[in-house]
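> Curious how this folds, go ahead:
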Amino acid sequence: MARKKTTIEELALMVGRGFRGVDKRFDAIEQRFGVVDRRIDALADIVAKLAKAMDDNFRHVYARLDRIRDDISDVPAMRSELRDLRERVSRLERKV
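Okay, here's the model as predicted:
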C-alpha cells in the first residue's frame, strides 16, 4: 500500500492540534496548582495564628511563673526561722 504524502499545511495543522491539547493540559495543571497554592496560603495563615497564640500564652505562663517565684523566694528563710522557733519552743517546753 502506497503511503499518502503529507503536505506542509497538513503537517502544520497536526502540530497545531497537538499543541492545543498540550495547552489544555497545562491549563488544567495550572488550575490545580492554583487551588493547592490557595490551600497552602490558608494553612500558612493558620500556622502563623497558632504560633502567635502560643507565643502569647507562653508569655502569660512565664509571667505567672515569675510571680510564683517571687512569692516563694522567701521560703528557705521561713524554713530556717521555723526551725529556730521549734528549737526555742522545745527549750521552753523542757523548762516548763
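
> So which residue is smack in the middle of this structure?
The centroid of the chain falls nearest to Val47 when counting by CA atoms, centre = their mean (4.2 Å).

> I'd like the distance between that residue and Pro76.
Distance of Val47 to Pro76, computed by CB to CB, to the nearest Å: 44 Å. Where you see a C-beta, it was placed from the backbone N, CA and C, and this is true even at glycine.

> Kindly report the same for Ala48.
From Ala48 over to Pro76 the distance is 44 Å, taken as CB to CB.

> Check Met14 too.
Distance from Met14 to Pro76, by CB to CB: 92 Å.

> for the record, mean pLDDT for the helix ranked longest in the chain?
Taking DSSP state H as the criterion, the chain has its longest helix at helix 8-72. Across helix 8-72, pLDDT averages out at 88.

> Can you give the distance of it from its chain's centre?
Remark: helix 8-72 is offset 13 Å from the chain centroid, using CA atoms, centre = their mean, to the nearest Å.

> Equivalent analysis for stretch 83-96, please.
That offset, for stretch 83-96, works out to 60 Å (CA atoms, centre = their mean).

> Mind checking the pLDDT average for it?
93.

> Just give me the neighbour total for Arg83.
Other residues near Arg83 come to 10 when the count uses other CB atoms under 10 Å.

> Which of the three states applies to it?
Using DSSP: H, G, I helix; E, B strand; the rest coil, the structure places Arg83 in helix.

> how close does it sit to Ala53?
In terms of CB to CB, Arg83 sits 46 Å off from Ala53.

> Also Val36?
For Val36, the distance to Ala53 - CB to CB - is 26 Å.

> Over to Arg59?
Per CB to CB, Arg59 is found 11 Å from Ala53.
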